[in-house]
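J.: Coordinates only, no sequence provided:
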């Protein structure tokens, strides 16, 4: 028995939405798994509260410049993989960070199949073993939102 035209049209629409959603997820994954961006995501996941500041990501990736890190974080934000959150209580204090970077729910969903979260315990273990400078400890202990 064939379906009425109106029902077939609505199926196509929902199917198109699934394809669009799949395309969006694929695009997010492509952006997130670029080598430098994936390294930054590892830094986010390895952080004790998974919400590092820009400076903490710099300290974890000394071979990358601040501008490079900032550009890649911007691409991850634009793609919806991560978000920037601010601690309004520390915004006017130049001695502690007020902006932090963490995964979005959608970013977590998209990255689930990459093995990143399977390695989270190991990444956190290595993060805790890093010999940190006083500056790194100060940034790491900054209050988060």
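T.: Ah, there it is. Note that the coordinates shown come from a computational prediction; the quantities given were computed from them, not determined experimentally.
J.: how close does residue 81 get to residue 128?
T.: Relative to residue 128, residue 81 is positioned 25 Å away (Cβ to Cβ, to the nearest Å). (Glycine included, C-beta is placed from N, CA and C.)
J.: what does residue 58 give?
T.: Per Cβ to Cβ, residue 58 is found 19 Å from residue 128.
J.: So which of those two has more stuff around it?
T.: It is residue 58, of residue 58 and residue 128, that has more neighbours when counted by other Cβ atoms under 10 Å, with 19 against 10.
J.: A strand includes the more buried one, no?
T.: No. The assignment for residue 58, made by DSSP: H, G, I helix; E, B strand; the rest coil, is helix rather than a strand.
J.: I'd guessed residue 49 sits against residue 142; true?
T.: No. Judged on Cβ atoms under 8 Å, residue 49 makes no contact with residue 142 at a distance of 10.4 Å.
J.: Looking at the two, which one has more neighbours?
T.: The neighbour comparison of residue 49 against residue 142 (other Cβ under 10 Å) goes to residue 142, with 20 against 9.
J.: How about the contacts made by that one?
T.: By Cβ atoms under 8 Å, 6 or more residues apart in numbering, the contact list for residue 142 reads 53, 87, 90, 96-97.
J.: now, which of those residues sits nearest residue 29?
T.: Nearest to residue 29 out of these is residue 53 (Cβ to Cβ; 25.5 Å).
J.: measure the closest one to residue 86 for me?
T.: 11 Å.
J.: who touches both of these two?
T.: Each of 99-100 lies in contact with both residue 53 and residue 86 under the rule Cβ under 8 Å, 6+ apart.
J.: Who has more neighbours out of these two?
T.: Neighbours per residue (other Cβ under 10 Å) separate residue 53 from residue 86, with residue 53 holding more: 20 against 12.
J.: Which secondary structure element is home to the closest residue in space to the more buried one that isn't next to it in sequence?
T.: Leaving out its chain neighbours, the residue that sits closest to residue 53 by Cβ to Cβ, 6 or more residues apart in numbering is residue 97, at 3.6 Å. Using DSSP states H and E, residue 97 falls within no helix or strand.
J.: Many thanks, have a good one.
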